[in-house]
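1. Coordinates only, no sequence provided:
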């Protein structure tokens, strides 16, 4: 007849690796895999490069993109979004200023949506009463379904040096998590 | 010698046979991918500068992948832009580029082949380009059109894909 003797497990061992180390290891491995997969599916770490989103985001800053943000919602005006530029790794970081169906025009640096000026608190404060010293101009654009107009926050640079325009929703990767 | 169980031996032989068949009789998609790889290898000098005959051979390898009326439209914001039409223009440009950037490395990723018809196909891919100089790294998405002629696929059009458009 065999006899089992229940030896008490020291409390520090229970705290560190549980009553059954093998079960703890399996649970830990499953948790790590789930966290890794969940992280990969929902969050993308990014590093800001360039000056087009200054002063809001500076060159070299690290941020996270929420890839699930637009799974059940659509991009809203003033959202900062990641746009697929070259594959899944190279993204553009831009701000949404106009939504599908809207008319956009930029006159002397002032953004007009359906003819109304857009309030843009994220831009540099006006210098000598001038909000956008580079005074960009864009002819009226009518956005179609699924199209959003995106632009950077740095409007003090030359218009020709700034990459902005219409993006289709199928190239939008997600929304910046920590603005 | 340890005897190899017959089932394992049979499995290995079947795998080898499938591999050989795949190599000898590739699918149409695999044929297109091989053309892309040949074009990539001919552009990429991988640190082995080419001149004289080696340069001619490399450029020749590239032109073997192209139709005679190939169109290349490159428009990278803040960078390279221009159009090339015909295999002669591409040959001259490729020779110049290979000499200008002896350390040029090109890597293709995210290759997606679509709209495959009996004699035409479309592919999108991302090319990571490293000119070998400081700050000389860039990645760009391209769309390519293919045409099939006498059983072989050729690149007939290459164009950069822009994430943003003006209108």
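-> Alright, I've got the coordinates. Quick caveat, the model's predicted, so the values are computed rather than measured.

2. Please identify which helix or strand holds residue 15.
-> Just going to use chain A. helix A:11-17 (DSSP states H and E).

3. meant chain B, my bad for not saying
-> Assigned by DSSP H and E, residue B:15 falls in helix B:6-24.

4. need the next SSE after that helix, C-terminal direction.
-> Assigned by DSSP H and E, the successor of helix B:6-24 is helix B:28-43.

5. Which other helices and strands does that next one contact?
-> For helix B:28-43, the packing partners by 3 or more Cβ pairs under 8 Å, 6 or more residues apart in numbering or on different chains; DSSP states H and E come out as helix B:52-63, helix B:87-100, strand B:105-114, strand B:120-130, strand B:137-149, strand B:152-160. (C-beta placed from N, C-alpha, C; glycine too.)

6. is it possible to export these to JSON lines including distance to residue A:50, mean neighbour count and mean pLDDT?
-> Formatted as JSON lines, the helices and strands packed on helix B:28-43 follow (distance: least, Cβ to Cβ, whole Å; neighbours: other Cβ atoms under 10 Å in any protein chain shown; pLDDT from 0 to 100):
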{"stretch": "helix B:52-63", "distance to residue A:50": "32", "mean neighbour count": "15", "mean pLDDT": "84"}
{"stretch": "helix B:87-100", "distance to residue A:50": "25", "mean neighbour count": "16", "mean pLDDT": "86"}
{"stretch": "strand B:105-114", "distance to residue A:50": "22", "mean neighbour count": "14", "mean pLDDT": "92"}
{"stretch": "strand B:120-130", "distance to residue A:50": "18", "mean neighbour count": "19", "mean pLDDT": "92"}
{"stretch": "strand B:137-149", "distance to residue A:50": "13", "mean neighbour count": "18", "mean pLDDT": "91"}
{"stretch": "strand B:152-160", "distance to residue A:50": "19", "mean neighbour count": "19", "mean pLDDT": "95"}
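
7. CSV please, covering the ones you listed and showing distance to residue A:146.
-> What follows is these, written out as CSV (distance: least, Cβ to Cβ, whole Å):
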stretch, distance to residue A:146
helix B:52-63, 38
helix B:87-100, 35
strand B:105-114, 20
strand B:120-130, 19
strand B:137-149, 19
strand B:152-160, 22
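
8. what's the closest of the ones you listed to residue A:52?
-> Set against residue A:52 and scored by Cβ to Cβ, those come closest in strand B:137-149, at 16.3 Å.

9. What lies in contact with the closest one?
-> Counting by Cβ atoms under 8 Å, 6 or more residues apart in numbering or on different chains, strand B:137-149 makes contact with A:85-87, A:89-90, B:32, B:35-36, B:67, B:76, B:79, B:118-131, B:153-161, B:163, all of which sit outside it.

10. on that earlier part again, next, the angle from the helix holding residue B:15 to helix B:28-43.
-> Taking axes from the mean of the first three to the mean of the last three Cα atoms, to 10 degrees, helix B:6-24 and helix B:28-43 form an angle of 70 degrees between their directions.

11. Mind listing what's buried along helix B:6-24?
-> By neighbour count on 16 or more other Cβ atoms under 10 Å in any protein chain shown, the buried set for helix B:6-24 is empty.

12. Leaving aside the residues adjacent along the chain, what's closest to residue A:51?
-> residue A:154 (5.7 Å; Cβ to Cβ, 6 or more residues apart in numbering or on different chains).

13. what residues are up against the one you found?
-> A:51-55, A:162.

14. repeat that with 10 Å
-> Contacts for residue A:154 (Cβ atoms under 10 Å, 6 or more residues apart in numbering or on different chains) come out as A:50-57, A:123-124, A:134, A:161-162.

15. With residue A:139 instead?
-> Applying Cβ under 10 Å, 6+ apart, we find residue A:139 in contact with A:104-107, B:166-167.

16. and what of residue B:9?
-> residue B:3.

17. list the contacts for the most centrally placed residue in chain B?
-> Here the mean C-alpha position of chain B is nearest to the C-alpha of residue B:36 (Cα atoms, centre = their mean), at a distance of 2.4 Å. Residues near residue B:36 by Cβ under 10 Å, 6+ apart: B:65, B:108, B:111, B:113, B:123, B:125, B:127, B:144, B:146, B:153, B:155.

18. pLDDT weak spots in chain A?
-> Applying pLDDT under 70 to chain A flags residues A:1-6, A:126-133, A:179.

19. the longest helix in it is where?
-> Longest helix of chain A, by residue count under DSSP state H: helix A:21-42.

20. List the contacts of whatever helix or strand comes next after that one.
-> Counting by DSSP H and E, the element after helix A:21-42 in chain order, helix or strand, is strand A:43-47. Contact with strand A:43-47 is made by A:39, A:57, A:59-68, A:82, A:88-89, A:91, A:93, A:173-174, A:176-177, as judged by Cβ under 10 Å, 6+ apart.

21. Residue A:30: which of the contacts of residue B:36 is nearest?
-> residue B:111 (33.7 Å).

22. re the thing from before, what is the helix holding residue A:15 packed up against?
-> The contact analysis (3 or more Cβ pairs under 10 Å, 6 or more residues apart in numbering or on different chains; DSSP states H and E) places helix A:11-17 against helix A:21-42.

23. and the nearest residue to residue A:171 once chain neighbours are set aside, how far is that from residue A:151?
-> For residue A:171, ignoring the flanking residues on the chain, the nearest one in space by Cβ to Cβ, 6+ apart is residue A:84 at 4.7 Å. Distance of residue A:84 to residue A:151, computed by Cβ to Cβ, to the nearest Å: 17 Å.
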